[in-house]
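**Student:** just coords:
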Ligand code: DX5
Ligand code: ZN
């Protein structure tokens with residue numbers, strides 16, 4: 001089953017509760033956490049995730065674009081995240097394994113993310129224990145960028161690894177997904193789609209979600 005996960009990065013932060021309600025027809029809510037160091041932007045932190053948890057029952061898919069993310073796993077889990085997603089480039093293998101162990105302890109779903117430059121094979125040491133892999137189709141940091149077409153090949157390769165080692169694992173794609181690019185992304189093997197500007201820059205976010213499903 002395809003899941004659509006609107007990214008609140010493109011929402012109006014002064015009206016976050018309203019903008020979350022506007023996408024309640026979606027499957028998940030994608031929350032972009034950035035530390036200004038792993039990526040050149042600062043966005044949402046633990047207190048905001050806690051407030052979001054208080055105003056929605058939606059599944060919170062929390063994308064941590066943060067250096068050494070193990071430091072924050074317990075905090076985000078306690079704030080109400082349902083899934084935590086750490087970048088493979090954000091720490092050494094020990095740090096990534098520690099972050100995944102903490103996710104287990106906190107009983108949240110576990111995901112790892114790949115920047116466009118990272119080889120699909122980098123997921124292999126972790127794949128069997130993961131609930132999801134995220135393939136970035138833009139350089140992480142900002143919404144509203146165009147999908148990098150060469151990342152379709154990365155999606156295909158990650159899909160092949162998932163089929164081989166952990167078929168229950170989801171494959172999420174993040175960056176530049178809209179009604180024009182969605183078909184190619186799904187054909188390449190994605191089953192979970194983040195959409196920021198495609199949903200929130202539309203006049204009617206609910207209609208935009210329906211249009212994505214239509215494709
Ligand atoms: C970018 C974020 C994305 C972003 C996607 O670093 O991870 O989730 O919000 O925005 P769009 O869909 O506009 O590319
Ligand atoms: Zn994201």
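**Tutor:** Thanks, I have the structure now. Everything quoted here is computed from the prediction, not taken from an experiment. Ligands and ions are numbered 1, 2, ... in the order given.

**Student:** use CA for all of it now, contacts and neighbours both
**Tutor:** Fine.

**Student:** so residue 30 belongs to a strand, correct?
**Tutor:** Yes: the assignment for residue 30, made by DSSP: H, G, I helix; E, B strand; the rest coil, places it in a strand.

**Student:** contacts only, for it.
**Tutor:** For residue 30, the contacting residues are 5, 6, 7, 8, 60, 61, 62, 63, 194, taking CA atoms under 8 Å, 6 or more residues apart in numbering as the criterion.

**Student:** so it bridges to which residues?
**Tutor:** For residue 30, the beta-bridge assignment (DSSP bridges) gives partners residue 7, residue 61.

**Student:** filter the contacts of residue 30 to keep only those in contact with ligand 1.
**Tutor:** Within the set of the contacts of residue 30, contact with ligand 1 (CA under 6 Å from any ligand atom) is found for residue 7.

**Student:** so what pLDDT did the residue nearest to the spatial centre of the chain get?
**Tutor:** Centroid-nearest residue in the chain, with CA atoms, centre = their mean: residue 63, separated by 4.8 Å. You'll see residue 63 listed with a pLDDT of 99.

**Student:** within range of ligand 1, give me the residues from this structure.
**Tutor:** That would be 7, 9, 32, 140-145, 174-177, 195-198, which are the residues of the chain within reach of ligand 1 (CA under 6 Å from any ligand atom).

**Student:** next step: those residues restricted to helices.
**Tutor:** Applying DSSP state H to these, the entries found in helices are 197, 198.

**Student:** hey, where'd the strands end up in this protein?
**Tutor:** 3-6, 28-34, 59-65, 83-87, 109-114, 132-136, 170-174, 192-195 (DSSP state E).

**Student:** pick the most buried one from these.
**Tutor:** Mean neighbour count, computed with mean count of other CA atoms under 10 Å, is highest for strand 192-195 among these, reaching a mean of 27.

**Student:** who's in contact with that strand?
**Tutor:** The set of residues that contact strand 192-195 without belonging to it, under CA under 8 Å, 6+ apart, is 2-7, 30, 170-178.

**Student:** equivalent analysis for stretch 176-189, please.
**Tutor:** Outside of stretch 176-189, the residues that reach it under the criterion CA under 8 Å, 6+ apart are 137-138, 143-148, 152-153, 155-156, 159, 171, 173, 193-195, 198, 211-212, 215.

**Student:** that's all I had, so thanks and see you.
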